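[1] sequence and predicted structure, then a few things I'm wondering about:
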Amino acid sequence: MPDQTEDPHAVAPDAAVPLRLTMDDADSPCDVIDALLLTRFASGAQPYARRRSVERARQNLSLLPPQARVLRSAREDEHRSTLAEGEGWTVLVSRWSRRADVTVTAVSAELADERLRQALQDAEDEPEPQPTDVTMGFWYVSPLRGPHRTTRQISAGSWEEVRGNYTAPVAESLTGLMKLTPDDIAGRLLLLHGPPGTGKTSALRTLARSWREWCQVDCVLDPERLFNDVGYLMDIAIGEDDGSGGKGRWRLLLLEDCDELIRGEAKHAAGQALSRLLNLTDGLLGQGRNVLVGITTNEDLERLHPAVVRPGRCLARVEVGPLTRPEAVNWLGTSEGVGPDGATLAELYALRRGVSPAGVPAQPGPVQEGLYL
């Protein structure tokens, strides 16, 4: 009795869509190899296909499963293609410098999965070490040249290395900030506030390293002059590209210790300076410019001007405080010199150097320099 699930009028896929390949002198040997793999899949001889890409393929690996017989091989500049086969399966390996695409066709899904797994075993190279230095620009008004920008290489630890320098709630907030991308930007003002010595400057240096693929970081050395000098402000707002990125690259302007500019009475004391700051972040001056403004201050949040901290203006607002006593003891490796309220990062580095926070020599310990301002 015939199988009722079969359609007597069904047509095989390769017959319904016959495969015809036309090539001319514009096609390359690599194109021919691609076509040879497709014929086995399109004809139905090997109807199961699996494909995966590797961004950092090891240079010394063929990416071929065991017992593979090479059928074709071609090389065009940095593009290399290899077609190989085994019992019931075919594999195509296409490589461009470090990147590789591996495609397997087979007579069964299980065989295709297994051969792809074998081809990609240990194929991924170790991530390339990231440089510890980051390029940072410095703006200032020169008596001879006017507004001027110079650059320096600044040492900055990775977030994984410096995360332990911050108390848990702060570390959680900064983790989200380090992972930020241009698509996540919902405000133009970044505010770090808290007591001296808690690591605000260190966090900004690490932020510059985390964002270096999409954001140029410039530090303004004379922020008190910036918002009182329209020409200086316009030069910085227009910006100067450091040449490390393409069109649409963001810029982060760092203004450190701007207590007078953003505290509650700033509107009266600083005149138009505060208004120009706000205009740069979300007013007409900032329109059409990918500019963020990062500010550090030692002021309490309650003392800051309401216009600065209003919802929607701040990209992030992080209060950086000292480590708790358990965190400080864990950081230092001993409870010696750590008070009941914990310690700031600056105090911990002082203790590690053998100097108590009050300046009285303490038990000497191994010296490790750090950025903790």
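    Arrived safely.
[2] buried sites along the longest helix along the chain?
    The single longest helix within the chain, with elements called by DSSP state H, is helix 29-43. Using 16 or more other Cβ atoms under 10 Å as the test for burial, helix 29-43 gives 30, 33-34, 36-37, 40-42. Where you see a C-beta, it was placed from the backbone N, CA and C, and this is true even at glycine.
[3] and stretch 218-225, by the same measure?
    In stretch 218-225, counting by 16+ other Cβ under 10 Å, buried: 218-220, 223.
[4] out of the residues you listed, which sit inside strands?
    218-220 (DSSP state E).
[5] show me what the longest helix of the chain is packed against.
    helix 13-16, strand 69-76, strand 79-86, strand 89-96, strand 99-106 (3 or more Cβ pairs under 8 Å, 6 or more residues apart in numbering; DSSP states H and E).
[6] at 10 Å what do you get?
    Other helices and strands packing on helix 29-43, by 3 or more Cβ pairs under 10 Å, 6 or more residues apart in numbering; DSSP states H and E, are helix 13-16, strand 48-54, strand 69-76, strand 79-86, strand 89-96, strand 99-106.
[7] to Arg205, which of those lies closest?
    Among these, the nearest to Arg205 by Cβ to Cβ is strand 99-106 (31.8 Å).
[8] can you map out the strands along the protein?
    Under the criterion DSSP E, the chain contains strands at 48-54, 69-76, 79-86, 89-96, 99-106, 133-142, 146-155, 189-193, 215-220, 250-255, 291-297, 314-319.
[9] and the ones you listed: which comes nearest Asp24?
    Here strand 69-76 is closest among these (Cβ to Cβ), at 16.5 Å.
[10] return the distance of Ala49 relative to Thr201.
    In this view, Ala49 and Thr201 are 54 Å apart by Cβ to Cβ, to the nearest Å.
[11] kindly report the same for Tyr232.
    23 Å.
[12] and the closest residue to Gly194 other than its chain neighbours, how many neighbours does it have?
    Excluding its sequence neighbours, the residue lying closest to Gly194 (Cβ to Cβ, 6 or more residues apart in numbering) is Val320, at 3.8 Å. Using other Cβ atoms under 10 Å, Val320 has 23 other residues around it.
[13] what is the neighbour count of Gly231?
    10.
[14] so what sits opposite the closest residue to it other than its chain neighbours in the bridge?
    Among residues not flanking Gly231 along the chain, Pro147 sits closest, at 7.2 Å (Cβ to Cβ, 6+ apart). Pro147 has the following beta-bridge partners by DSSP bridges: Val141.
[15] any idea of the pLDDT on Pro147?
    We have a pLDDT of 88 for Pro147.
[16] test my guess that it contacts Asp229.
    Yes: assessed by Cβ atoms under 10 Å, Pro147 is found in contact with Asp229 at 8.3 Å.
[17] need the residues touching each of the two.
    Counting by Cβ atoms under 10 Å, 6 or more residues apart in numbering, the common neighbours of Pro147 and Asp229 are 141, 222, 235-236.
[18] by neighbours, which of those wins?
    That'd be Ile236 among those, by other Cβ under 10 Å, with 21 neighbours.
[19] now that one: how far from Ile154?
    Distance from Ile236 to Ile154, by Cβ to Cβ: 19 Å.
[20] just Thr344 next, same as before
    Taking Cβ to Cβ as the measure, Thr344 falls 22 Å from Ile154.
[21] when those two are compared, which one has more neighbours?
    Between Thr344 and Ile154, Thr344 has the larger neighbour count (other Cβ under 10 Å), namely 22 against 18.
[22] contacting residues around that one?
    Contacts of Thr344 (Cβ under 10 Å, 6+ apart): 165, 194-199, 320-323, 328, 350, 357, 372.
[23] what pLDDT does the model give it?
    pLDDT recorded at Thr344 is 94.
[24] Leu351 now?
    91.
[25] swap in Val367?
    Val367 carries a pLDDT value of 39.
[26] with Asp125 instead?
    pLDDT at Asp125 comes out at 73.
[27] what does Glu213 give?
    For Glu213, the pLDDT comes out at 91.
[28] quick one on the thing from earlier: and the angle from the longest helix of the chain to strand 69-76?
    Orientation of helix 29-43 against strand 69-76 (axes from the mean of the first three to the mean of the last three Cα atoms, to 10 degrees) gives an angle of 140 degrees.
[29] could you tell me the angle between helix 29-43 and strand 48-54?
    Using the same axes, to 10 degrees: helix 29-43 against strand 48-54 is 140 degrees.
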